[in-house]
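K.L.:
Kindly generate the corresponding structure for this input.
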Amino acid sequence: MGNPMVSIIVPVYNGEKSIERCLRSIQNQSYTNIEVIVVNDGSTDHTEKVIKKYVEEDARFHYIKKDNTGVSDSRNIGMASAKGEYFQFVDGDDWLVKQATEEFVKTAQLYDCDMVISDFYRVCGRKIMVKGHIDMGPVITRTKFAEYMMKAPANFYYGVLWNKFFKADIIRKFSLVCDTDLDWCEDFRFNLEYLQYVGNVGVIDRPLYYYVKTKGSLVDTQAGSLQLTIKTKRKLFDYYKELYQALDLYEENKLKIQMFYLSFAHDKSKKTKTA
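P.N.:
Take a look at the predicted model:
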């Protein structure tokens, strides 16, 4: 039997209340040629018990247990052991719609995309909001993607890993990893580096992912420490600037691009419904 088409990487820490829902949504995906790498980041609750149940009943599930070194390190370890042609990320608090992986694969292959991005649901208590930003597709150039991102660089839609689909060859060829030195925005740095090697970007204007907003998340903590925000943004800006320079967009859009320093993370909704 050959390698799986898609490696789904799931970092989790003390997720006993949510990991069952997360893993069940992955197990029930309509697209089945997957491997699921669950990385337990030193959980002290019953997370391991739930993970082992899936590993025992489904050969596609693999378990890595490690000390508590953070989500970036967990993702890096997951990527290092992944065998798929594409990488997909799911956090232990969250879950997927049934056709998520199928939609990603279909778009990536049909339009020869190096990255695919989708809308997502933001779950906050009983409120569920649809989040997105790009209103054209199903495929756009990297330049067009960068022009959209310039308008809202701190939008979750661009910053996170879990609403995107990545080509493993690019990650392996350029040794791309998540930055373990950043406390937040480590996803965005990874995306900015990855985009430097991308051709076409697939756009799915339907939500494929349920993101559960929890206290202590980027939106809550970023405004809490202005000093940390400025320090992190200085680190990130070099990667951000490099991308636009590579696309010959920097000089004519210098002021817009420097607005990155003033933008704060947000995930503006398209519409809201009640759960």
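K.L.:
can we go C-alpha only for contacts and neighbour counts from here?
P.N.:
Fine.
K.L.:
low-scoring stretches of the stretch 151-275 of the chain, by residue?
P.N.:
Scanning the stretch 151-275 of the chain with the threshold set as pLDDT under 70 gives 183-184, 215-226, 264-275.
K.L.:
tell me the strands in it, going along the chain?
P.N.:
Counting by DSSP state E, counting those that start in this stretch, the stretch 151-275 of the chain has strands at residues 164-167, 200-212, 269-274.
K.L.:
most tightly surrounded among these?
P.N.:
strand 164-167 (a mean of 24; mean count of other CA atoms under 10 Å).
K.L.:
right, so of the strands of the stretch 151-275 of the chain, which gets closest to Asp93?
P.N.:
Ranking the strands of the stretch 151-275 of the chain by proximity to Asp93 (CA to CA) places strand 200-212 first, at 6.3 Å.
K.L.:
Tell me the strands beside that closest one, with direction?
P.N.:
Counting by DSSP bridges, the strands paired with strand 200-212 are strand 95-96 (antiparallel), strand 115-124 (parallel), strand 139-141 (antiparallel).
K.L.:
Could you export those strands as JSON lines, including mean pLDDT and mean neighbour count?
P.N.:
As requested, the strands paired with strand 200-212 are exported to JSON lines (pLDDT from 0 to 100; neighbours: other CA atoms under 10 Å):
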{"stretch": "strand 95-96", "mean pLDDT": "98", "mean neighbour count": "25"}
{"stretch": "strand 115-124", "mean pLDDT": "97", "mean neighbour count": "24"}
{"stretch": "strand 139-141", "mean pLDDT": "98", "mean neighbour count": "18"}
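K.L.:
Could you dump the ones you listed into JSON lines and include distance to Phe190?
P.N.:
Shown next, in JSON lines, are the strands paired with strand 200-212 (distance: least, CA to CA, whole Å):
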{"stretch": "strand 95-96", "distance to Phe190": "22"}
{"stretch": "strand 115-124", "distance to Phe190": "13"}
{"stretch": "strand 139-141", "distance to Phe190": "19"}
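K.L.:
Nearest approach to Arg189 belongs to which of the strands of the stretch 151-275 of the chain?
P.N.:
Closest among these, using CA to CA: strand 164-167, at 14.0 Å.
K.L.:
Run through who's touching the closest one.
P.N.:
Glu85, Tyr86, Phe87, Gln88, Phe89, Phe104, Asp114, Met115, Val116, Ile117, Ser118 (CA atoms under 8 Å, 6 or more residues apart in numbering).
K.L.:
Just the CA coordinates for that strand, please, in CSV.
P.N.:
This file holds the C-alpha atoms of strand 164-167, laid out as CSV (Å, rounded to 0.1, in the frame of the first residue of the first chain):
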residue,chain,number,x,y,z
LYS,A,164,-5.4,26.1,4.5
PHE,A,165,-4.0,23.1,2.6
PHE,A,166,-0.3,22.8,1.9
LYS,A,167,1.9,20.9,-0.6
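K.L.:
In the sheet, which strands lie alongside it, parallel or antiparallel?
P.N.:
Partner strands for strand 164-167, per DSSP bridges, with pairing direction: strand 86-89 (antiparallel), strand 115-124 (antiparallel).
K.L.:
could I get these as JSON lines with distance to Tyr194?
P.N.:
Putting the strands paired with strand 164-167 into JSON lines (distance: least, CA to CA, whole Å) gives the following:
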{"stretch": "strand 86-89", "distance to Tyr194": "12"}
{"stretch": "strand 115-124", "distance to Tyr194": "9"}
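K.L.:
Looking at these, which is nearest to Ala168?
P.N.:
Closest of the strands paired with strand 164-167 to Ala168 is strand 86-89, at 4.9 Å (criterion: CA to CA).
K.L.:
So for that closest one, mean pLDDT?
P.N.:
Averaged across strand 86-89, the pLDDT comes to 98.
K.L.:
chain center to the helix or strand where Tyr63 lies: distance?
P.N.:
Using DSSP states H and E, Tyr63 sits within strand 61-66. On the basis of CA atoms, centre = their mean, to the nearest Å, strand 61-66 sits 20 Å off its chain's mean C-alpha point.
K.L.:
do stretch 251-266 as well
P.N.:
Relative to the centre of its chain, stretch 251-266 is centred 22 Å away, using CA atoms, centre = their mean.
K.L.:
Using CSV, list the CA coordinates for it.
P.N.:
Only the C-alpha atoms of stretch 251-266 are listed here, as CSV (Å, rounded to 0.1, in the frame of the first residue of the first chain):
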residue,chain,number,x,y,z
GLU,A,251,7.6,50.2,-3.5
GLU,A,252,4.2,51.2,-4.9
ASN,A,253,2.4,49.9,-1.8
LYS,A,254,4.9,50.8,0.9
LEU,A,255,2.5,52.7,3.1
LYS,A,256,-0.2,50.1,2.9
ILE,A,257,2.2,47.3,3.7
GLN,A,258,3.6,49.2,6.6
MET,A,259,0.0,49.4,8.0
PHE,A,260,0.8,45.9,9.1
TYR,A,261,2.3,47.4,12.3
LEU,A,262,-1.0,49.1,13.2
SER,A,263,-3.3,46.1,12.5
PHE,A,264,-4.5,43.8,15.2
ALA,A,265,-5.7,40.3,14.9
HIS,A,266,-9.4,40.0,14.1
